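Peer 1: following is a predicted model, sequence given first.
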Amino acid sequence: MKETPQELKIHNNMKKGMISVTGFLGDDERHYHEIIADDKKNLEKIGLSADKIADRLEYFSRKAFPVYDGTTIIDEIYQVEYRSYRGRIMCPFGHGGGYRKGEITLVNLQNNARLCWTPLNEHMIRTHCFFEGVGSNHRLDPEIIKKALF
Amino acid sequence: MACEIIQTVFIISVITGFLALLLVIAEALFVNYGECRIKINGKKELVVQGGGSLLSTLNDNKIFLASACGGRGSCGFCKCTISSGAGPLLPTEKPFLSEKEISDGVRLSCQVKVKQDLSIKIPEEIFNIRKFRAEVAKITDLTYDIKELTLKLVEPGTISFKAGQYVQLESPAYEKSRQSVQRAYSISSNPYQDDMIQLIIRRVPEGICTTYVFDYLKEGDKINFTGPFGDFFIRETEADMLFIAGGSGKAPIKSMIEFLDKIGSRRRMVYLFGARSTKDLYYTELFREYEKKLTNFSYVPVLSQPSEECEWKGRCGYIPPFIPEFLRDPVNTEAYLCGSPGMIDAVKKALLELGVPDNKIYFDSFA
Ligand SMILES: Cc1cc2nc3c(=O)[nH]c(=O)nc-3n(C[C@H](O)[C@H](O)[C@H](O)COP(=O)(O)OP(=O)(O)OC[C@H]3O[C@@H](n4cnc5c(N)ncnc54)[C@H](O)[C@@H]3O)c2cc1C
Ligand code: FES
Ligand SMILES: [Zn+2]
């Protein structure tokens, strides 16, 4: 498919070493449009929406944010740690407004499912339904999200 | 039917895309904005070639507004007030501007294109900002994830800054980054040492600039930075001072305390430093020395998770519950905070609850 200049820019932003060292696509050879379309189908299959997932991720990050130097147990079964760093990172889709640098790690103590995400992931899921390419260090697989958070 | 709709949408997308591409190419090749005048603070006037962003045009004329994202519109550092000639506000700018700033004509200079004469207002301190070339004189490991960089200035040979300010370090394009990026780092040395600066840098996993500093930068290398920036500096009053820091947040506080020592300050100062465990502590001896040198200074490390083996005898837990112990007169206290956003948030909340006025709690915004 022919890309508009805007799409080309987004695609470029997602490559390794542009906005982040590891990029947003991993070793996934699909176009980001396809990644989004396939994940939309995955969401349908598991009966969740991007908004619902973003709400849930934000629920945990909001609760863990004030516990800045350690882990916290949320709702008895979620062990969450929020490491926040100074500075902001931009969204590869070119949105204004930077997103806090940081890493939130959650372990579901009931089933041991583990998830690691960043504030930028929360934004990309809600606004772009983008879960990143397969092989990206920050890829959030909807199936794993379901197992860990719902 | 569905197939026809998809086909039509596809054709329209291709045509729109093609037209947009043509427009970009045409603008780049044929649009000439000619000479434009930028009037600064009603005094200085620059005659520039139009077409570039205001940020880069000012940079070309050695006027350096802050920028941590290289003009991509993601850091919000490059604000300046434009009274005429800026064109409409872009959606990329809105998330960074308050209603008041919008009505005052504040814009992100990296998003404003110079297409006609402009009239802008920037703080006078901006004229003190320079681009520096420096040699990496020393790299010291302070902890497993924090390094101290000592940068000896090459050109210009001296810098003038206020304790607490930061610089924008340029990490060049390297194996893991296709382009050079700029990141903000607080200066940890004091302003009396004006032929060098020191920075304290904490590794951010897979971060572009910190990976460069930790895995690629060597002693003897040359590096560029611009600065000084920021309004996080000591207020000249007699109020009590409460410094609270964590992680790499020790940098500006170290600079401030060294400065206060140099000027022989007798203000009452307490420095609470939060870390996880003893392996995250550094400069302890240095601050113990300042306790002896300064008449009214105490250094209090607080560990949130001291390991059992280390037999930590100091305070354990998070900083907020320990604040009241050191707060003599909340209304007459200035708090200087630096650390992770989570820490700043929690500490600021506690200070407000204890009665420290909001306008006396200082920290780097956007950090
Ligand atoms: C005023 C100010 C002063 C500062 N002073 C200091 C200081 O003295 N010392 C110090 O150490 N730091 C300081 N900082 C922070 C510093 O500027 C940098 O932001 C920090 O070092 C990280 O930069 P980086 O290039 O290594 O990380 P970057 O590469 O810019 O960002 C890495 C982060 O981006 C996110 N990310 C990356 N890739 C992805 C992906 N694919 N999907 C989702 N999320 C992703 C993650 O959260 C990751 O942690 C300061 C910041 C400010 C604003
Ligand atoms: S330079 Fe970062 S927003 Fe303008
Ligand atoms: Zn976005």
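Peer 2: Nice, thanks for sending it over. Nothing here was measured: the structure is a model prediction, and the numbers come from that model. Ligands and ions are numbered 1, 2, ... in the order given.

Peer 1: for chain A, which residues are neighbours of chain B?
Peer 2: For chain A, the residues in contact with chain B (Cβ under 8 Å from any Cβ of the partner chain) are A:1-7, A:15-18, A:20-22, A:65-70, A:82-91, A:94-98, A:100-103, A:137. The way it works is simple: take the backbone N, C-alpha and C, and place the C-beta from them, glycine included.

Peer 1: and residue A:143, how far is that from ligand 3?
Peer 2: For residue A:143, the distance to ligand 3 (Cβ to the ion, to the nearest Å) stands at 24 Å.

Peer 1: can you pull the contacts of that residue?
Peer 2: Residues in contact with residue A:143 (Cβ atoms under 8 Å, 6 or more residues apart in numbering or on different chains) are A:42, A:46.

Peer 1: which residue is nearest the middle of chain A?
Peer 2: Taking Cα atoms, centre = their mean, the centroid of chain A lies closest to residue A:121, which sits 2.7 Å from it.

Peer 1: OK, contacts around that one?
Peer 2: When contacts are counted by Cβ under 8 Å, 6+ apart, residue A:121 is found next to A:57, A:131-132, A:138, A:140.

Peer 1: redo that, cut-off 10 Å
Peer 2: Each residue near residue A:121 by Cβ atoms under 10 Å, 6 or more residues apart in numbering or on different chains is listed here: A:24, A:53-54, A:57, A:61, A:99, A:103-104, A:115, A:130-132, A:138-140.

Peer 1: that one - that's part of a helix, no?
Peer 2: Yes. Residue assignment for residue A:121, taken from DSSP: H, G, I helix; E, B strand; the rest coil, places it within a helix.

Peer 1: from ligand 2, how far off is it?
Peer 2: According to Cβ to the nearest ligand atom, to the nearest Å, residue A:121 stands 21 Å off from ligand 2.

Peer 1: counting by contacts, list what the longest strand anywhere in chain A packs against.
Peer 2: Among the segments of chain A that qualify as a strand by DSSP state E, the longest is strand A:78-89. With contacts defined as 3 or more Cβ pairs under 10 Å, 6 or more residues apart in numbering or on different chains; DSSP states H and E, the secondary structure elements packing on strand A:78-89 are helix A:50-64, strand A:71-74, strand A:99-108, strand A:114-117, helix A:119-128, strand B:181-186, helix B:208-215, helix B:341-353.

Peer 1: and those: which comes nearest residue B:82?
Peer 2: For residue B:82, the closest of those is strand B:181-186, at 22.6 Å, according to Cβ to Cβ.

Peer 1: now the closest one: buried residues?
Peer 2: The neighbour-count criterion (16 or more other Cβ atoms under 10 Å in any protein chain shown) identifies B:181-186 as the buried residues of strand B:181-186.

Peer 1: ok, which of the contacts of residue A:121 also contact ligand 1?
Peer 2: Taking Cβ under 6 Å from any ligand atom, the overlap between those and the neighbourhood of ligand 1 is A:24, A:103, A:132, A:138.

Peer 1: need these in JSON lines with secondary structure and neighbour count, can you?
Peer 2: As requested, these are arranged in JSON lines below (DSSP: H, G, I helix; E, B strand; the rest coil; neighbours: other Cβ atoms under 10 Å in any protein chain shown):
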{"residue": "A:24", "secondary structure": "coil", "neighbour count": "30"}
{"residue": "A:103", "secondary structure": "strand", "neighbour count": "18"}
{"residue": "A:132", "secondary structure": "coil", "neighbour count": "27"}
{"residue": "A:138", "secondary structure": "coil", "neighbour count": "20"}
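
Peer 1: ok, those vs residue B:219, which is closest?
Peer 2: residue A:103 (30.1 Å).

Peer 1: can you pull the contacts of the closest one?
Peer 2: A:81-85, A:116-119, A:121, A:138, B:204-206.

Peer 1: list only buried entries from the residues you listed.
Peer 2: Judged by neighbour count, with 16+ other Cβ under 10 Å as the criterion, the buried members of those are A:81-85, A:117-119, A:121, A:138, B:204.

Peer 1: who are the contact partners of residue B:163?
Peer 2: Counting by Cβ under 10 Å, 6+ apart, the residues that residue B:163 touches are B:186-192, B:232-234, B:252-260, B:262-263.

Peer 1: drop anything exposed from those residues.
Peer 2: Neighbour counting with 16+ other Cβ under 10 Å marks B:186-191, B:232-234, B:252-260 as buried within these.

Peer 1: can you flag which of those residues belong to strands?
Peer 2: When DSSP E is applied, these are split such that residue B:186 fall in strands.

Peer 1: got the end-to-end distance for stretch B:152-169?
Peer 2: End-to-end distance of stretch B:152-169 (Cα to Cα, to the nearest Å): 14 Å.

Peer 1: is any residue of it near ligand 1?
Peer 2: Yes. Under the criterion of Cβ under 6 Å from any ligand atom, ligand 1 is reached by stretch B:152-169 at residue B:166.

Peer 1: from the chain's centre, how far out does that stretch sit?
Peer 2: Its chain's C-alpha centre and that of stretch B:152-169 lie 13 Å apart, by Cα atoms, centre = their mean, to the nearest Å.

Peer 1: for it, give the mean pLDDT please.
Peer 2: Mean pLDDT, stretch B:152-169: 96.
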